[in-house]
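>>> got a sequence here, can you build the structure:
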Amino acid sequence: MLKSVRASMALVAGALALSSLSLVHASDYPSKPVTVVVSFSAGGPVDSLMRALGQRLTEEWKQPVVIDNKPGANEAIGAQVVARAPADGYTLFASTEGPLTQNQYLYKKLPYNPNKDFTAVTQLVQVPMVLVTPINFPANTLKEFLDLARSRASNPISYGSTCMGGVTHLPMSMLAKDTNIAFVHVPYKGAAPLLPELASGQIDSAFLAVSAAAPFIADKKLKALVISAPQRIPTLPQVPTFKELGVKDVQATFIMAMTAPAGTPQAIVDKIAASVQTVMNDPKFREKYTEPFAYLPVASSPKDFAAYLAKDRAYQAERVKISGAVLD
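As a prediction, the model looks like this:
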């Protein structure tokens, strides 16, 4: 009995010591440069937001925040780098939900475990997407678009995506299921080759991030039928939401988020999240880096973001299954 009590006391003492050590490390964090691995090429939305955020964190932490672009394999390359990095808070991961909740259903094998290799830090923003068509397409509303699609069973309406199984592909799969309408999927290698072919009418439609579609809408090369957002947005005030139209929202949105290697001390994770929240909630930062691109700021806590990911895994499993997408 005495041995058992002593053993329990030793375990408690050890846990308290580790907790104290973690707090000490957090109080000194960061004491050297912090690297943020971005799962996309330089110049894209995730990269641009992280460079702006990184500059502000550099000022707050008095340590450089270095952006390291690792694009490819639907964000799996960057994910692998971070999964294998030391869990000390000095290597962070900026990505969409792709490598965190989607890839496990798109690939038979991954070089990392999305459910075990990362610690949730914060969801930065939610990015709404808009259903667009060429300016001369013979439908001006979502209802007209769906009615036309039903009438063209022998010649289905086509839609483009920036990649098979990605955030611009899965929403149309859900819309097809919800409306019992067949569409033809045309995958591209990114938005750069997709947009000019959509604008010229070589494909009929696409779900795209507002930031990507807005310039083409302003130039009257594309028209927007519906937006996936809780309410209308200032960037496209004329475009109704699914809710307004009384249609089930296919959740054509994606997130930008930050995670860390699994095992990163919670005190450090909390400190990073708090710093990010301070920046993301700054009205001047939002005015310059989120509002012009129709990003919806979230800046969630680690606990809330972990809960979001757990729920999203089940949702993405359903979407990928419906789409039939396979990437290996």
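>>> test my guess that residue 280 contacts residue 286.
Yes - at 7.4 Å, residue 280 counts as touching residue 286 under the criterion of CB atoms under 8 Å. For every residue, glycine as well, the C-beta is placed using N, CA and C.
>>> residues shared between the contacts of these two?
Shared contacts of residue 280 and residue 286 (CB atoms under 8 Å, 6 or more residues apart in numbering): residue 297.
>>> so which of those two has more stuff around it?
Neighbour count, other CB atoms under 10 Å: between residue 280 and residue 286, residue 280 has more, with 23 against 16.
>>> low pLDDT regions in the stretch 1-150 of the chain?
Low-confidence segments of the stretch 1-150 of the chain (pLDDT under 70): 1-25.
>>> what about the strands in it?
Under the criterion DSSP state E, counting those that start in this stretch, the stretch 1-150 of the chain contains strands at 34-38, 65-69, 91-95, 118-134.
>>> relative to the whole chain's centre, how far out is the longest one?
Meaning strand 118-134. With CA atoms, centre = their mean, to the nearest Å as the basis, strand 118-134 stands 4 Å off its chain's centre.
>>> pairing partners for it, with directions?
Using DSSP bridges, the strands paired with strand 118-134 in its sheet are strand 205-209 (antiparallel), strand 222-227 (antiparallel), strand 253-261 (antiparallel), strand 296-297 (antiparallel).
>>> swap in the second one?
Strand 65-69 has the following strand partners under DSSP bridges: strand 34-38 (parallel).
>>> quick check: angle from the partner strand to strand 91-95?
Computed with axes from the mean of the first three to the mean of the last three CA atoms, to 10 degrees, the direction of strand 34-38 lies at 30 degrees from that of strand 91-95.
>>> so what touches strand 34-38?
Contacts of strand 34-38 (CB under 8 Å, 6+ apart): 46-47, 50, 54, 57, 61, 63-71, 78, 81-82, 85, 89-95, 258.
>>> try it again with 6 Å
46-47, 50, 65-70, 78, 81-82, 90-94 (CB atoms under 6 Å, 6 or more residues apart in numbering).
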